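>>> Make a model of this:
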Amino acid sequence: MLFRRYRPEYSDGVIDLIPLHITPPDPSLGFGHEQIWRITLHDHRREIGQISYRDGESPCVYYYGHIGYHIDAPWRGRHFAARACRLIRDEIRRSGKTTVVITCDPDNVPSRKTCERLGCIAERTVRVPYEIREQHEIGPVKRRFIWHMDDGREKNRDEYAD
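Prediction:
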């Protein structure tokens with residue numbers, strides 16, 4: 001695991017993504033390299049959430065997705081997860097992907113809205129196999145969304161207003 005100093009790797013002037021660590025490939029998960037960033041308000045060090053990108057392909061990635069994010073409760077509702085996803089788009093492209101999967105529990109409305117805001121296509125709802133649920137502590141059902149990096153489906157309205 002590599003640790004880095006506080007220095008924004010990506011910023012849009014509202015939030016910064018601070019590199020937290022890069023995990024080398026783990027054959028049991030098939031995540032490939034997993035990069036994790038702290039999400040902070042611009043020019044602040046206080047973490048308000050995290051985002052990760054996994055560049056691998058495997059049964060685990062099928063259910064976990066390539067991108068994972070969370071925003072701490074006091075900061076939710078401000079579209080920071082969608083902003084963070086957009087900030088790592090070039091990272092995704094550099095890894096050779098033109099589409100990635102984002103998954104969430106079917107009842108996770110905020111995550112579903114983030115996917116819609118990004119212009120993701122709802123692909124399907126899938127049952128997670130028992131072996132993967134037990135071995136990797138993941139819920140029994142996931143909703144899969146496909147995010148195309150360059151298809152222009154993102155919402156154009158002022159989505160960042162509080």
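
>>> So for the helix or strand where Ile48 lies, what gets flagged as buried?
Element membership of Ile48 [criterion: DSSP states H and E] is strand 47-54. Neighbour-count burial for strand 47-54, with 16 or more other CB atoms under 10 Å as criterion, is recorded at Ile48, Gly49, Gln50, Ile51, Ser52, Tyr53, Arg54. Any C-beta I mention is one placed from the backbone N, CA and C, and that applies to glycine too.

>>> Which of these sits closest to Asp90?
For the buried residues of strand 47-54, the residue nearest Asp90 by CB to CB is Tyr53; the value is 11.0 Å.

>>> Which residue comes closest to that closest one once chain neighbours are left out?
Among residues not flanking Tyr53 along the chain, Gln35 sits closest, at 5.1 Å (CB to CB, 6 or more residues apart in numbering).

>>> if I read this right, that neighbour contacts Ile92, doesn't it?
No - using CB atoms under 8 Å, Gln35 is not in contact with Ile92, being 10.2 Å away.

>>> Quickly list what's touching both of those two.
Tyr53 (CB atoms under 8 Å, 6 or more residues apart in numbering).

>>> before we move on, the earlier item: list the contacts of the strand holding Ile48.
Strand 47-54 is contacted by residues 15, 17, 20, 31-41, 61, 64-72, 74-75, 80-81, 84-85, 88, 91-92, 95, 100 when judged by CB under 8 Å, 6+ apart.

>>> List buried residues within those residues.
Applying a neighbour-count criterion of 16+ other CB under 10 Å, the buried members of these are 15, 17, 20, 31-32, 34-40, 61, 64-69, 71, 75, 80-81, 84-85, 88, 91-92, 95, 100.

>>> so which helix or strand takes in Val101?
Using DSSP H and E, the element containing Val101 is strand 99-104.

>>> quick one: buried residues of that strand?
Of the residues in strand 99-104, Val100, Val101, Ile102, Thr103, Cys104 count as buried by neighbour count, 16+ other CB under 10 Å.

>>> ok, now which ones touch the last one?
Residues in contact with Cys104 (CB under 8 Å, 6+ apart) are Ser111, Arg112, Cys115, Lys142, Arg143, Phe145.
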